[in-house]
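Enquirer: next come a sequence and a model predicted from it.
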Amino acid sequence: MKSYHQKKTKKRTYFLAFFFILWLGVLALRLVQLQVIDHVKLKAEAIQQNQKIQKIEPKRGSIFDRNMTILARSVPRYSVFFHPLENESHSEQWSRAKKIGQTLRLSSSKLSTIRAKINKDDNFIWLARKIEEQKATQVLNMNINGIFLMEENKRFYPQGNRAAHVLGRVDIDEIGVSGIEYKYNTILQGIEGEGLILRDAKRRRYSFETLKPPVDGKDLVLTLDETIQYIAEKELKNAVLQSQAEWGTVIISEPSTGDILALANYPTYDLNHLPNPPTRLDRNKAVHHTYDPGSTFKIITLSAALENKSVGFEETFDCTQGYVVYAGNTFWDHERLGILSFPEVFIHSSNVGTIFIGQRVGDENLCRTIKQFGFGQRTGIDLPAEERGLLNPLERWTKISVASHSIGYEISVTPIQMLQTLNIIANQGVIVPPRAVKKIHDTEMEALSPLPYKKAISEETAANVRNILLGVVASGTGVTAQIPGYAIYGKTGTAQKYDRKTKQYLTTAHIASFAGVVENDRPLFSMIVVIDDPKGHYYGSQVAAPVFREIAKKILRYLCVPPAKKSLDTLIASKAGKQSNE
């Protein structure tokens with residue numbers, strides 16, 4: 001009996017020992033799997049559950065005007081984010097997040113988005129980005145578990161809507177989406193850093209550790225003058241509202257350098273309080289919008305005639321009928337002008353006389369001169385999405401094309417292209433590309449991207465064009481741009497708008513413009529004013545030229561440029577009269 005019980009006990013012992021050893025073996029294998037085979041994977045999962053890599057925004061570079069007035073800068077703000085606690089239901093998470101949403105007055109659509117992310121078990125959810133310090137303090141005082149604040153930067157524009165279309169805007173992550181902010185985004189943005197968000201096993205306590213510090217963006221110095229920009233915006237707004245126009249644009253530049261001193265569009269918007277949607281007013285019409293320029297384009301016809309010696313100063317043209325039939329189409333003058341000398345054709349902006357002159361110039365010479373002035377291609381201004389306009393190649397010109405082009409039709413241009421035309425005259429025939437940025441940090445832009453200047457026309461042609469355009473302001477269609485005691489030359493323009501749907505020019509809708517240069521001993525500044533579809537008076541001399549005058553007067557006062565001692569109006573009229581043999 002004893003032997004039997006001993007044997008049974010011994011078997012049980014062996015059996016238990018076997019299972020114990022087997023259990024130890026399985027446990028050992030499991031430990032090997034966890035510590036060796038799956039170590040990397042499990043470590044990564046643990047880190048993922050308790051750590052999160054978060055990008056650290058660099059401070060975006062500031063933007064200044066040429067006098068170091070701040071136009072755009074980034075200021076510190078707090079953002080609110082949410083992390084779920086351990087073993088917390090979706091309804092509990094939503095209850096806490098909803099309290100913050102109500103405090104911050106989040107929209108219903110925003111709250112719906114937050115709830116959807118909670119239901120998807122997101123571990124990191126933004127509740128509100130870049131809020132005011134007062135609201136951040138409110139959130140902090142609520143002391144709700146799982147709700148945290150993170151410091152970020154928010155773009156701020158101290159001047160509100162000043163130069164809105166030049167500066168452009170950024171999105172919530174401070175990435176440029178329009179204007180200078182977009183064009184120079186890489187330089188302004190800097191380089192992102194990386195940080196590590198740490199939490200305990202219960203997902204309660206959080207700390208932040210910097211892994212890679214960010215590199216702040218560089219500052220930009222623009223060519224703009226904030227005071228001149230203010231003057232341009234104020235006068236443009238008044239003009240658009242008074243004339244009940246659709247929109248208007250003004251560009252002012254320094255011809256010798258191509259520096260844009262002001263670029264204004266109206267309607268505009270406050271960069272700190274964007275319209276919804278913001279893209280509605282994003283379009284910078286000064287460089288984006290194309291239009292038939294009308295009579296301001298006669299500067300090209302004038303230049304072509306002089307450059308190719310197609311017409312002499314002494315020649316006259318019979319414009320007494322007030323219209324001309326060319327290739328089966330009738331072109332009218334704004335009034336009957338009689339017999340005009342070559343300079344008088346442009347001084348009084350006769351369509352009839354200009355078509356006669358264009359016919360003498362010829363298709364090939366006119367088309368070549370248009371190209372030499374840079375039409376049909378971008379000016380190269382450092383603003384995004386510049387349009388090149390529309391210039392048909394010579395082989396696509398029809399019998400009527402030389403007449404249409406001569407008076408600024410059958411071609412589409414941008415306001416910046418027309419301003420460059422005046423700058424070419426001011427620069428004695430040389431093309432100086434326009435620019436909006438003067439410096440990057442402490443580096444002069446010229447040193448970064450030297451541009452070879454091209455010549456559009458001869459110095460002699462430019463001088464003669466200038467003298468005739470002086471007559472336009474002294475005694476022609478541009479008299480409303482006069483400022484007593486200052487030398488001004490330029491050209492008015494009134495063009496019928498082209499309806500792309502009907503493919504016809506409208507007799508009831510016009511674009512009024514004036515482009516000119518103000519001189520002292522040298523060209524001080526050039527300016528173009530474009531007003532779209534003014535109601536009532538619609539001629540460039542009635543709508544655009546007076547705006548030019550008012551802006552120019554205020555700029556001259558701001559720059560402390562005194563008038564000439566002797567009335568320049570008399571001298572200009574005399575000079576123009578001698579050249580036209582009046």
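Expert: That came in fine, so what should we check first?

Enquirer: which helix or strand in the chain has the lowest average pLDDT?
Expert: The least trusted helix or strand in the chain, going by mean pLDDT, DSSP states H and E, turns out to be helix 568-579, with a mean of 46.

Enquirer: buried set for stretch 471-483?
Expert: Of all the residues in stretch 471-483, those buried under the rule 16 or more other Cβ atoms under 10 Å are 471-478, 480-483. Bear in mind the C-beta positions are built from the backbone N, C-alpha and C, glycine included.

Enquirer: tell me the one of the residues you listed nearest residue 97?
Expert: Distance to residue 97, by Cβ to Cβ, is smallest for residue 481 among the buried residues of stretch 471-483, at 61.7 Å.

Enquirer: ok, the closest one to residue 542 distance?
Expert: For residue 481, the distance to residue 542 equals 11 Å [Cβ to Cβ, to the nearest Å].

Enquirer: again with residue 517
Expert: For residue 517, the distance to residue 542 equals 21 Å [Cβ to Cβ].

Enquirer: higher neighbour count, the two?
Expert: residue 517 (25 against 18; other Cβ atoms under 10 Å).

Enquirer: could I get the contacting residues of the more buried one?
Expert: Taking Cβ atoms under 8 Å, 6 or more residues apart in numbering, we find residue 517 in contact with 255, 422-423, 425-426, 466, 488-490, 523-527.

Enquirer: run the last query once more with 10 Å
Expert: For residue 517, the residues meeting the contact criterion (Cβ atoms under 10 Å, 6 or more residues apart in numbering) are 253, 255, 419, 422-423, 425-426, 466, 469-470, 473, 487-490, 523-527, 552.

Enquirer: same question for residue 400.
Expert: Neighbouring residues of residue 400 by Cβ under 10 Å, 6+ apart: 326-329, 331, 355, 409-410.

Enquirer: how about a cut-off of 6 Å?
Expert: Under the criterion of Cβ atoms under 6 Å, 6 or more residues apart in numbering, the contact list for residue 400 reads 327, 329.

Enquirer: coming back round to it: among the buried residues of stretch 471-483, which lie within helices?
Expert: 471-475 (DSSP state H).

Enquirer: surely residue 546 meets residue 480?
Expert: Yes. The pair residue 546 / residue 480 is scored as a contact, 5.1 Å apart, by Cβ atoms under 6 Å.

Enquirer: can you give me the strands for the stretch 451-582 of the chain?
Expert: Across the stretch 451-582 of the chain, reading from the start of the chain, the strands by DSSP state E, counting those that start in this stretch fall at 454-455, 487-499, 504-519, 523-532.

Enquirer: the longest one - what's its average pLDDT?
Expert: Within the predicted structure, the mean pLDDT of strand 504-519 is 94.

Enquirer: in PDB, list the C-alpha atoms belonging to that strand.
Expert: Presented in PDB, the C-alpha positions along strand 504-519 are these (Å, rounded to 0.1, in the frame of the first residue of the first chain):
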ATOM      1  CA  GLN A 504     -18.400  93.000 -78.000                       C
ATOM      2  CA  TYR A 505     -17.300  96.400 -76.600                       C
ATOM      3  CA  LEU A 506     -19.900  98.000 -74.400                       C
ATOM      4  CA  THR A 507     -20.900 101.600 -75.000                       C
ATOM      5  CA  THR A 508     -22.300 101.900 -71.500                       C
ATOM      6  CA  ALA A 509     -19.300 100.700 -69.400                       C
ATOM      7  CA  HIS A 510     -15.800 102.200 -69.500                       C
ATOM      8  CA  ILE A 511     -12.400 102.200 -67.800                       C
ATOM      9  CA  ALA A 512     -11.000 105.600 -67.000                       C
ATOM     10  CA  SER A 513      -7.300 106.000 -66.500                       C
ATOM     11  CA  PHE A 514      -4.400 108.400 -66.300                       C
ATOM     12  CA  ALA A 515      -0.700 107.600 -66.200                       C
ATOM     13  CA  GLY A 516       1.900 110.300 -65.600                       C
ATOM     14  CA  VAL A 517       5.200 111.400 -64.100                       C
ATOM     15  CA  VAL A 518       6.000 114.300 -61.700                       C
ATOM     16  CA  GLU A 519       9.400 115.900 -62.200                       C
END
